[in-house]
Structure formats: structure tokens, C-alpha cells
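[1] what follows is a predicted structure for the sequence shown.
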Amino acid sequence: MENRALAVKLKIDAGFKRRGITFAIFSGIFYGLYTAFLTLGMSKGIWGNDWYGANMSGLSAFAITYCLAALGSAVNDTMSGIWSLINVSIKGELGDFFRTLKTKPGLVMIVCALIGGPLASTAYVAALQMGGSIIVPICALNASFGAIIGHFVFKQEINKRMVCGILLCLVAAGVIGGTSFSDVGPTALMACGIALFCALGWGIEGAVAGFGTTLIDYNIGITIRQCVSGLSNMLIMLPLLCMIDGSAGLAPRLLSGAWSDWSIIFFVISGFCAMPAYSFWYKGNSMCGAALGMVCNGAYSFWGPFFCMIIVGVFDGQPGWMLTPVQWAAAIVMICGIALVGNLNPLHAFRKKEA
């Protein structure tokens, strides 16, 4: 009887883990979608014509690189926060959102939002604008950072098989990004350095927030994350960067231009995609552990360039976004790496289920 009860418990645990893996995989897909629509939005309207275009509206190189990156991140995360508030309101959880802000887990989520929002997300957008989708696989190194942090801080399992799977995913991510380099110049190298900083920030956020969402509902967690990230980017990071640039009055002008321009429609879509990207990331990490959750999520190193190819390259007709056969092969290798980390055997689906 005891053995049967143990078998049932193991079966339940395995099902719980599989659901966590599903959440983590879909988070990577939505990461790719939000990356593509964010990239498209920052190439249209006032962004493409004035700020990144030939006119540049008198902006300095620092403002074009960092202030506009903070602005893009601020608009995207704020829009995602609005979508998240709508979501919890529909589910009748708005009161829980405000109550959670006053708790210790809520404070942990706020800290995660500050690390992953104004710091990591701004670095991600800056690197994306400087290097294109080639930086996405480098940002996917957050899977390694998160796995290490989850193991040493939260004592989550990471064995030799999982290490081999993580390394396989990292090699595949490097191939996907490396084959995109046609000319590795100073700008591309700087973009890679900024992307590495982003990976560290997201690694810390993923491990800590994954643990935090074992204590609070993941819908509440992502609402805190996106609202805090968007507001802190708009009210703190962007004005601070503009002051460093020597243009304290630039922040209101940039915010006014971004929110009133027709290109905002793409940020509405990117913000909507960012909501499940982060919420499924948090949920997946809390259900299957930081190591496995972040590796499954890390498949966005393929989904990012893939959806940029479809949306920016094919749909919008912008050149330079097509994937090579080597990148497609590396994506298959990454899937094998994820299966190795999660000890997933596709043949299990065809076996007869036990009563």
C-alpha cells in the first residue's frame, strides 16, 4: 500500500513538472513574439523617421543608444503592466494585487522587477538596437546564471545530465547567434557585452522570482513585475540617463513623442506578448525549478530571431532577418538539450498508460 501511494505521488510530481515545462516553453515562444513586435515598433513612425532615422532630432549618440533603449523598454513594460492589470481585474484578483504589495514576497517581486526591468530589460533593448537579433542567444545565457543561482541559493537539483543539457543548449545558442555575424565590429562587440549584462540580470530575476511565485499567484507576480518595471523605467531610468546625457528636459519630450505616435500600436502588441512571456517564465520556474525552467525558456534564443524573420523580415520586408540552415540545425540541437535537462523521452507518449 505504501509503495502504491509513493508511486501515485511520483506520478503526480511528474505531471506537475511536465506542466511547468510546458509553461516554460511557451514563455520562450512569447519572448520571441514580444521581441519581434518591439523591434518592429522601434523602426516605425517617430522612431524610424526621426530618432533612428536620418534626422535624429538632434539626439546625441548616447541618447540614441541608451535613452531610446530605456524609452522602448519603458513603453513596452508599461503597456504590459496595463494588460496585466486588466487580466487580474477580470479574474477578480485586483485586491490581492494591492495586498501582496505590502507583503515580504511582494517586496521580493519588486526587487526582481527593478533588477530585470530598468537594468536588464533596458540593456536588452539597447543591445537589440545595436546588434540586432544576434544578441538574443547571448541574453539566453540567463539560463546558466539562473540554474547556478537556483542550485546554490535555493538548493534546486542540477546533476551531470542537466549540466550536459545546459551546455548543449548554450552551444546551440552560440551557433544561432554566431552565424549571424557578417562583420564583428566594435558596435557588435559592445552589443554582446551589454547582452551579457542583461543575461546576468535576467538570471538573478528568474531564479529569485521563480522561488517567489511559489508563495504568491504568478498572475499577481507578473503584474507587480511589469507595473514596477514600466514605471521605474519611465520615472527613474529614462530621466537619469537623459541627465547623464546633459539633457534633463529630453525625457518628457521622448515620452510624449512615443506615447502619441501611431507606432504605439506595435507596443500594444509587444506588451500583450510580454505579459505571458514573463508570467509563464515565473510559473514554469516555480513548478520545475530554475535550471529546467530557464533552459526551456532559453529557447527564445531561436524564437527571437525566428519571429523577427517572420514579422520584421517577411511581413514588413526589412532586409537582413533571414535564418540560415545552420541556425535551423542548431535549433534542433537546442530541443535535444532541453529534453536532456528535463529527462524527457518522446517515446513515453506512445507507451500504454498504467491503470
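    Thanks, I have it. Numbering: from 1, shown residues only.

[2] give me the number of residues near residue 314?
    Residue 314 sits with 12 neighbouring residues when counted by other C-beta atoms under 10 Å. Any C-beta I mention is one placed from the backbone N, CA and C, and that applies to glycine too.

[3] can you check the one 4 residues further on too?
    Other residues near residue 318 come to 14 when the count uses other C-beta under 10 Å.

[4] tell me the SS of it?
    Here residue 318 is recorded as coil under DSSP: H, G, I helix; E, B strand; the rest coil.

[5] quick one, phi/psi of it?
    The phi and psi values for residue 318, taken as degrees, to the nearest 10, are phi -80, psi 140.

[6] hmm, residue 44 and it touching each other?
    No. Checked against C-beta atoms under 8 Å, the pair residue 318 and residue 44 is beyond contact range at 10.4 Å.

[7] pretty sure residue 47 sits against residue 263.
    Yes. Using C-beta under 8 Å, residue 47 makes contact with residue 263 at a distance of 5.9 Å.

[8] higher neighbour count, these two?
    Taking neighbours as other C-beta under 10 Å, residue 47 and residue 263 compare with residue 47 leading, 22 against 19.

[9] roughly how far does that one sit from residue 64?
    Taking C-beta to C-beta, to the nearest Å as the measure, residue 47 and residue 64 are separated by 11 Å.

[10] where are the low-confidence patches of the stretch 151-300 of the chain?
    Along the stretch 151-300 of the chain, the parts satisfying pLDDT under 70 run over 154-158, 173-174, 176-185, 188, 210-214, 290-291.

[11] now the helices for the stretch 1-150 of the chain?
    All helices of the stretch 1-150 of the chain, identified by DSSP state H, counting those that start in this stretch, fall at 2-41, 45-46, 61-62, 68-90, 94-100, 104-114, 122-131, 136-139, 142-154.

[12] actually the stretch 201-350 of the chain, not the one I typed
    Using DSSP H, counting those that start in this stretch, helices in the stretch 201-350 of the chain cover 218-232, 238-244, 250-260, 264-288, 290-297, 300-307, 325-341.

[13] from the contact counts, what lies against the third one?
    By that I understand helix 250-260. Counting contacts by 3 or more C-beta pairs under 8 Å, 6 or more residues apart in numbering; DSSP states H and E, helix 250-260 packs against helix 68-90, helix 238-244.

[14] for those, give me TSV that also has distance to residue 108 and mean neighbour count.
    What follows is the helices and strands packed on helix 250-260, written out as TSV (distance: least, C-beta to C-beta, whole Å; neighbours: other C-beta atoms under 10 Å):
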stretch	distance to residue 108	mean neighbour count
helix 68-90	17	23
helix 238-244	24	19
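
[15] need the ones you listed in JSON lines (columns: distance to residue 16).
    Compiled in JSON lines, those are given as follows (distance: least, C-beta to C-beta, whole Å):
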{"stretch": "helix 68-90", "distance to residue 16": "23"}
{"stretch": "helix 238-244", "distance to residue 16": "41"}
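
[16] nearest to residue 268, out of those helices?
    helix 68-90 (5.8 Å; C-beta to C-beta).

[17] tilt between the closest one and helix 250-260?
    Computed by axes from the mean of the first three to the mean of the last three C-alpha atoms, to 10 degrees, the angle separating helix 68-90 from helix 250-260 equals 50 degrees.

[18] mean confidence (pLDDT) on helix 68-90, please.
    Confidence for helix 68-90, expressed as mean pLDDT, is 95.

[19] now swap in stretch 123-137 and tell me
    On average, stretch 123-137 scores 79.

[20] many thanks, have a good one.
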